[in-house]
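> I need the structure of the sequence given here:
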Amino acid sequence: MDNNDILIRLRYALEIKNKEVAEIFKLGGVDVTVPEVIMILTKADDESDQQIKCNNNMLDSFLNGLIVFKRGKQEPKPGQSDTPEPSIKKSANVNNLLLKKVKIALALTTEDMLDLFEQAGITVTKGELGALLRKEGHKNYKECGDKYARNFLKGLAIKYRG
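Below you'll find the predicted structure:
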């Protein structure tokens, strides 16, 4: 699953309009116009289609913007910088970051997330979910595969569009 696919599925699941997607990107620190949003959210059937590739920094900015959009701007603590450093070090942990940041944005509990996975048709234990939400480098950290991310987004769609 590439970053554009993640954005398309997340936008669908949460019923976010194109104008709101542009606003969320802006909250995350990336200026994107509504026509550019449409080009990002368009699935490219072949190479001639106009599609803007969503890189890791853009996805990270969108997820940060989603947190601000859903929960409001958080005042930085003394000694903390205003702009967070990019969370995505390499492409492998994009799915882990998706789970963490959507959990924060929607104020989901562990039980809520387990229910989302169950609604999508897969069983995830508390231990597995904890491993997926751990910081990279932790001894119990587990990389989140596309199957988990896809089913998480499917569960969100069932819950919020159902």
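> got any ranges where the chain has weak pLDDT?
Low-confidence segments of the chain (pLDDT under 70): 45-49, 76, 79-92.
> okay, helices next: where are they in the protein?
3-14, 18-27, 34-40, 56-71, 94-105, 110-119, 126-133, 146-161 (DSSP state H).
> quick check: angle from the last one to helix 94-105?
Using axes from the mean of the first three to the mean of the last three CA atoms, to 10 degrees, one finds that helix 146-161 and helix 94-105 are set 30 degrees apart in direction.
> neighbouring contacts of helix 146-161?
With CB atoms under 8 Å, 6 or more residues apart in numbering as the test, helix 146-161 has contacts from 1, 6, 9-10, 12-15, 95, 98-99, 102, 113, 115-122, 124, 132. Bear in mind the C-beta positions are built from the backbone N, C-alpha and C, glycine included.
> same thing but at 10 Å, please
1-2, 5-6, 8-10, 12-15, 94-99, 102-103, 106, 108, 112-122, 124, 128-129, 132, 142, 144-145 (CB atoms under 10 Å, 6 or more residues apart in numbering).
> buried subset of the residues you listed?
Those of the contacts of helix 146-161 that meet the buried threshold are 1, 6, 8-10, 13-14, 94-99, 102-103, 106, 108, 113-114, 116-117, 119-120, 124, 129, 132, 142, 144, by 16 or more other CB atoms under 10 Å.
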